[in-house]
Structure formats: C-alpha cells, structure tokens
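**Q** Can you look at this prediction? I've put the sequence above it.
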Amino acid sequence: MAYHHARPVTGWVGWIWFGGMMMILAGLFNIITGLAAIFANRVYVATPARLLLFDISTWGWVHLVLGILVLATGIAIMAGQLWARVVGAVLVMLNALTQLTWIAVNPWWSLAVIALDVVVLYALIVHGREAEAH
C-alpha cells in the first residue's frame, strides 16, 4: 500500500502565480509590439547627416511568435503544468540575460527586473509543485 504525502502549500505559490501573470502580461506586450512592427513595418530615423529607413517587419514577427509562446507558457503555469514551469524557467533566464545587456542603458530598471526574475525562477523551480495542487 503506497502512501502519498502532500507537500504543504507555502506562500511561494503566490510567486508562481505572479510569475505566470507577468508572463501573460509580457506575452501580450510582445504580441502588441510585434503586430505594430508588422503593420507599420518602416521606421524613419533622422540623424544629423541623413535620414535612415529601417524595415522592422522581421523583428515584428519574432516579437509576435515570442509573445504567443510566453503568453501560452504563462497560462499553463497558472494551470500548474510541469512543461510550462520548465519552459518558463528558460524564458525567465533568457529575460534576465537580456536585461544584463541593457544594464548600461537603464541600470536601475535592469537590476530590478533581474532581481524579480531570480525570485520567479526560484519559485518555479523549488516550489512549482505547489501550484499543481491548486
């Protein structure tokens, strides 16, 4: 006869749900950014020497696909799916790395996002099973 011992639910389950909601929000932002780049695919930049034209439709498609992936992963994290915690952990690590590349541009924002990513990463990896039960 096998006994299954349920792990107690701690306050970290709230951080898991917070991480899922933030991923949903980030996914929506990326989708909006991607659609804007696809439909308004030319950007004009005035410089002192000349006028530059950039085609950003490819960048828009990247944002759109990434946004859909992040949105779906956030929803699955909220549902307590194991695969979503794994994919979510990878996406959160990638987000922290991208913030590191922007740290010279906006240091306080980048540091805040990296710190938040570390907390969400800890919640997903260590306390992720708590979200499965609820």
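**A** Arrived safely, thanks for sending. Numbers count the residues shown, from 1 in each chain.

**Q** how about low-confidence regions in this structure?
**A** For the chain, applying pLDDT under 70 flags the ranges 1-9, 43-47, 51-54, 132-134.

**Q** any chance you could map the strands in it?
**A** Secondary structure of the chain (DSSP state E): strands at 42-46, 51-55.

**Q** separation between residue 118 and residue 31?
**A** For residue 118, the distance to residue 31 equals 26 Å [Cβ to Cβ, to the nearest Å]. Any C-beta I mention is one placed from the backbone N, CA and C, and that applies to glycine too.

**Q** Please identify which of these two sits among more neighbours.
**A** The neighbour comparison of residue 118 against residue 31 (other Cβ atoms under 10 Å) goes to residue 31, with 18 against 13.

**Q** and stretch 77-95, how far from the chain's centre?
**A** 9 Å (Cα atoms, centre = their mean, to the nearest Å).

**Q** so where's the longest helix in this protein?
**A** helix 12-39 (DSSP state H).

**Q** and that one, what does it pack onto?
**A** helix 57-78, helix 82-101, helix 107-126, helix 128-132 (3 or more Cβ pairs under 8 Å, 6 or more residues apart in numbering; DSSP states H and E).

**Q** if you set the cut-off to 7 Å instead, what comes out?
**A** helix 57-78, helix 107-126, helix 128-132 (3 or more Cβ pairs under 7 Å, 6 or more residues apart in numbering; DSSP states H and E).

**Q** Can you name every helix or strand that the second one contacts?
**A** In this structure, helix 107-126 packs against helix 12-39, helix 82-101, with contacts taken as 3+ Cβ pairs under 7 Å, 6+ apart.

**Q** what packs against the shortest one?
**A** Pointing back at helix 82-101 there. Using 3+ Cβ pairs under 7 Å, 6+ apart: helix 82-101 touches helix 57-78, helix 107-126.
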